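J.: mind folding the following:
(one chain, ligands or ions: 1)
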Amino acid sequence: MASWFWRKRGSSAGKGSGPGPTKVVLDGSDIEELVGNKEAFSSYVDHKFQELDRDHDGKLSVRELEPAVADIGAALGLPAQGSSPDSDHIYSEVLSEFTHGKQDVVSKSEFKEVLSDILLGMAAGLRRDPIVILRMDGQDLREFVESPKFEPTAVSIFSTIEPGNASLGKCMLLALEQLKVEQGMPPSSDTWVSSNIIEPVLQSFSSDQLEKPVSDEVFLEEFKKLLLGIAQRLQEHPVIVAHSENTFNGSGIRRLLSNKFEVDKLLDATWKDLPKDRHHKSSKEYLRIALDSIAAAAGLPPYGAVNEIDAIVNEAIRMVNADDGKSMNEEEFKKLIAEILGCIMLQLEGRPIFVSSNSVVNEPLASSSSILCPAPDSTDLPLKE
Ligand SMILES: [Ca+2]
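T.: Numbers count the residues shown, from 1 in each chain. I've put the predicted structure just below:
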């Protein structure tokens, strides 16, 4: 996905062969434009299909679909297949979208239909929560280090590290974690960044020096050197970072609760799935599971994903005395859920929770994510602004 947008914005910015833009916002409008342009989308599908259909039998086997699924996964920001059961589950969902869960070959029209659905789904997600793609080439970092902001920032970071006997190396690594993408530093917790950007620069320091305890003056000087080294390294190996932000402000719950039909349908279905005793009652212990299954419809993250939200949910359950472990009938269940959602909504409206995340999407930009790159012969069509 990234490379597709990249080229588009890069060319429309009229920078020619110069360096690309350092910031691109993915808000889904480009995807909608491609899918909405019949001619361009058909030619895009033709090209992709041809590319995937290795044995040229006019159909795609599950094996032939695999690269497409991997690309869609990468475009969705998923880690590579096989790296976590959660994301593997999504990969198999994408695959079964294509095969409808049973077929083992897919025709071109089926491929086109499903691809269009998936792309539009992604576009809707991006419209809700845009992703900002940042190209970090060291320039912002150098500017930060050379600005008057650097010293006070570094001093305040150093003061939070509890120097004591900590070595220079340790202090600098801890300090790097506290620098932000806005300051030009890609996330140092990322393994690619750590081994390809930070490690090589650290090697230019003597190990003797790195192991010594450090004063704030020495720290300031050496940290500056480290950052300038990193900036230099980034210039040679720019890092692409996908930055996304979500604000949970209760508006999703308000929207849901204002639609009685949708709430009833959702709660009926949720109640049906809960385990019951022989009196058709369920335990209040299952309320949390029920809440989790309606989280997406209420614009909330899944339980366990955001600590601050989990705390609000726990507090809401406690506030309506839903944590007594007693059993409830269907009517009580619906009333409790509505009360809990109301509590969560008021909390979030009063104090919205902001979550931001950064992930490094380095290589795909240049090479892998081909499913969402334009076909060479249709390059001009979807690329027009
Ligand atoms: Ca085939």
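J.: for the rest of this, base every contact and every neighbour count on C-alpha atoms.
T.: Fine.
J.: what is the longest strand along the chain packed up against?
T.: Taking DSSP state E as the criterion, the chain has its longest strand at strand 239-248. Other elements packing on strand 239-248 under the criterion 3 or more Cα pairs under 8 Å, 6 or more residues apart in numbering; DSSP states H and E are strand 131-136, strand 353-360.
J.: now it: mean pLDDT?
T.: For strand 239-248, mean pLDDT is 83.
J.: list the contacts of the helix or strand following it.
T.: Next in sequence after strand 239-248, counting helices and strands by DSSP states H and E, comes helix 251-257. Outside helix 251-257, the residues that touch it by Cα atoms under 8 Å, 6 or more residues apart in numbering are Glu262, Val263, Ala297, Ala298, Gly299, Leu300, Ala338, Leu341, Gly342, Met345, Glu349.
J.: deepest of the helices and strands packed on strand 239-248, which one?
T.: strand 131-136 (a mean of 22; mean count of other Cα atoms under 10 Å).
J.: Gln232 versus Phe219, what's the distance?
T.: Going from Phe219 to Gln232 by Cα to Cα, to the nearest Å gives 20 Å.
J.: circling back to that earlier point, using JSON lines, please lay out the helices and strands packed on strand 239-248 together with mean pLDDT and distance to the ion.
T.: Converted to JSON lines, those look like this (pLDDT from 0 to 100; distance: least, Cα to the ion, whole Å):
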{"stretch": "strand 131-136", "mean pLDDT": "84", "distance to the ion": "34"}
{"stretch": "strand 353-360", "mean pLDDT": "82", "distance to the ion": "34"}
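J.: how about JSON lines for the ones you listed, with distance to Phe223 added?
T.: Below are the helices and strands packed on strand 239-248 laid out as JSON lines (distance: least, Cα to Cα, whole Å):
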{"stretch": "strand 131-136", "distance to Phe223": "19"}
{"stretch": "strand 353-360", "distance to Phe223": "23"}
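J.: nearest to Ala74, out of those strands?
T.: Of all the helices and strands packed on strand 239-248, strand 353-360 sits nearest to Ala74, with 11.5 Å by Cα to Cα.
J.: tilt between that closest one and strand 239-248?
T.: Angle between the axes of strand 353-360 and strand 239-248 is 160 degrees (criterion: axes from the mean of the first three to the mean of the last three Cα atoms, to 10 degrees).
J.: what lines up beside strand 353-360 in the sheet?
T.: Strand 353-360 pairs in its sheet with strand 239-248 (antiparallel), by DSSP bridges.
J.: picking up where we left off before, can you show me the CA trace of the longest strand of the chain as CSV?
T.: Only the C-alpha atoms of strand 239-248 are listed here, as CSV (Å, rounded to 0.1, in the frame of the first residue of the first chain):
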residue,chain,number,x,y,z
VAL,A,239,13.3,4.4,7.7
ILE,A,240,9.6,4.4,6.9
VAL,A,241,7.3,4.6,10.0
ALA,A,242,3.6,4.2,10.0
HIS,A,243,2.1,6.4,12.7
SER,A,244,-1.5,6.0,13.7
GLU,A,245,-3.6,7.7,16.3
ASN,A,246,-6.9,6.9,17.8
THR,A,247,-9.0,9.0,20.2
PHE,A,248,-11.6,7.1,22.2
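J.: grab the nearest non-local neighbour of Asp53.
T.: Once flanking residues are discounted, Asp53 sits nearest to Leu60: 5.7 Å by Cα to Cα, 6 or more residues apart in numbering.
J.: which residues of the stretch 51-200 of the chain lie near the ion?
T.: Asp53, Asp55, Asp57, Lys59, Leu60 (Cα under 5 Å from the ion).
J.: and of these, the nearest to Ser204?
T.: Asp53 (49.1 Å).
J.: next one, pLDDT for that closest one please.
T.: With respect to pLDDT, Asp53 scores 95.
J.: could you chop this protein up by domain?
T.: By the assignment in automatic domain parsing, the chain contains the domains 2-134+363-383, 139-234, 249-354.
J.: Val241: which of these is closest?
T.: Minimum separation from Val241 across those (Cα to Cα) falls at domain 2-134+363-383, 5.1 Å.
J.: picking up where we left off before, from the contacts of helix 251-257, which two are the most distant?
T.: Within the contacts of helix 251-257, two members stand farthest from each other by Cα to Cα: Glu262 and Glu349, at 21.6 Å.
J.: in what helix or strand does Asp323 lie?
T.: Per DSSP H and E: Asp323 is located in neither a helix nor a strand.
J.: what strand or helix carries Val114?
T.: Assigned by DSSP H and E, Val114 falls within helix 108-128.
J.: show me the contacts for Gln209.
T.: Applying Cα under 8 Å, 6+ apart to Gln209 gives the contacts Leu168.
J.: assumed it was part of a helix.
T.: Yes. The assignment for Gln209 is a helix, going by DSSP: H, G, I helix; E, B strand; the rest coil.
J.: which stretches of the stretch 101-250 of the chain have low pLDDT?
T.: Within the stretch 101-250 of the chain, the stretches falling below the threshold (pLDDT under 70) are 163-165.
J.: hang on, the earlier thing: and the helix holding Val114, what's buried?
T.: 108, 110-112, 114-116, 118-120, 122-124, 126 (16 or more other Cα atoms under 10 Å).
J.: of the residues you listed, closest to the ion?
T.: Among those, Lys108 lies closest to the ion (Cα to the ion), at 10.3 Å.
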